[in-house]
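Peer 1: the sequence isn't on hand, but the structure is:
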């Protein structure tokens, strides 16, 4: 080939290509993720410099969790395993999870609200984020469009009730008592009634069937986790500028970074 026809890249272009490659490798590893290999996947992701690619990591995890909410605890465990080594990565996930929840709730999208709330629940279970954010989410569900979000609030309590009760026993008792009164005082539809009864039964059994962290996903030693303070009552910077710097270099090697469909089930 004539040297004049060879494609050359400057430093910024090479960085863009490298970022695109890292993003695809994050996605490939997420596709391999299961309950049994979280630590292995986290170790391999750690080799990809997740600080530099933290926006890639964050968005890939959050898209996957939205697409496969039944695996929310697995995605949260992955973040928990990465977080002690790369706290900036865990902090970004925590902030964007909080922002995504608030946006979903404000848009009155029930499915997105429940899925977004579930990620916050399991990040709190894993102590990636302080329990205060879980309480913020619960209060938001109970006070912002409560007729839309009562079932989501009950489901949220099931997801992280063990942790909430441990963090504030009397406060959680009062919350469950409010759900009990709701059953006695109003005519509620069958799906909501079933959800509330499920919560009451879980609470009476001390969440025996709904532990904060199942054994296979309890990967971080006590005292090693870095717990981030994020609150819906305070401004949250989701650092979307990281995304703009990514997208500005994404055209270099043949287009954008792909669609949501590239992220598959764990």
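Peer 2: On my side now, so go ahead. Everything quoted here is computed from the prediction, not taken from an experiment.

Peer 1: buried ones in the helix or strand where residue 93 lies?
Peer 2: Using DSSP states H and E, the element containing residue 93 is helix 87-106. For helix 87-106, burial by neighbour count (16 or more other Cβ atoms under 10 Å) applies to 87, 89-102, 104-105. All C-beta atoms are positioned from the backbone trio N, CA, C, and that covers glycine.

Peer 1: and the next helix or strand past that helix?
Peer 2: Next element after helix 87-106 (DSSP H and E): helix 110-125.

Peer 1: same question for stretch 129-147, mean pLDDT?
Peer 2: Averaged across stretch 129-147, pLDDT comes to 96.

Peer 1: pull the residues that contact that stretch.
Peer 2: For stretch 129-147, the external contacting residues (Cβ atoms under 8 Å, 6 or more residues apart in numbering) are 94, 97-98, 101-102, 105-106, 108, 113, 117, 120-121, 123-124, 149-150, 152-153, 156-157, 160, 163-164, 167-168, 171, 175, 178, 227-233.

Peer 1: make it 7 Å
Peer 2: Residues outside stretch 129-147 that contact it (Cβ atoms under 7 Å, 6 or more residues apart in numbering): 94, 98, 101, 105, 108, 117, 120-121, 123-124, 149, 152-153, 156-157, 160, 163-164, 167, 227-233.

Peer 1: okay, now the nearest residue to residue 100 once chain neighbours are set aside: neighbour count?
Peer 2: Excluding the flanking residues, the one nearest residue 100 by Cβ to Cβ, 6 or more residues apart in numbering is residue 116, at 4.8 Å. Neighbour count for residue 116, taken as other Cβ atoms under 10 Å: 28.

Peer 1: one more: residue 240?
Peer 2: Residue 240: 10 neighbours (other Cβ under 10 Å).

Peer 1: packing partners of the helix or strand that contains residue 181?
Peer 2: In this assignment (DSSP H and E), residue 181 forms part of helix 169-185. With contacts taken as 3 or more Cβ pairs under 7 Å, 6 or more residues apart in numbering; DSSP states H and E, helix 169-185 sits against helix 146-167, helix 190-204.

Peer 1: what would these look like in JSON lines with distance to residue 210 and mean neighbour count?
Peer 2: Formatted as JSON lines, those follow (distance: least, Cβ to Cβ, whole Å; neighbours: other Cβ atoms under 10 Å):
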{"stretch": "helix 146-167", "distance to residue 210": "6", "mean neighbour count": "21"}
{"stretch": "helix 190-204", "distance to residue 210": "5", "mean neighbour count": "16"}
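
Peer 1: before we move on, back to that, buried set for the helix holding residue 181?
Peer 2: 172, 175-176, 179.

Peer 1: could you measure the residue nearest to residue 100 against residue 39, distance?
Peer 2: 26 Å (Cβ to Cβ, to the nearest Å).

Peer 1: again, but for residue 160
Peer 2: Distance from residue 160 to residue 39, by Cβ to Cβ: 22 Å.

Peer 1: go on, residue 50?
Peer 2: Distance from residue 50 to residue 39, by Cβ to Cβ: 15 Å.

Peer 1: list the contacts of the helix holding residue 93.
Peer 2: 50-51, 54, 57-58, 61-62, 79, 82-83, 112-113, 116-117, 119-120, 123, 128-129, 133, 137, 140-141, 144, 149, 226, 228, 230, 232, 236-239.

Peer 1: now, of those residues, which are buried?
Peer 2: 50, 54, 57-58, 61-62, 79, 82-83, 112-113, 116-117, 119-120, 123, 128-129, 133, 137, 140-141, 149, 226, 228, 230, 232, 236, 238.
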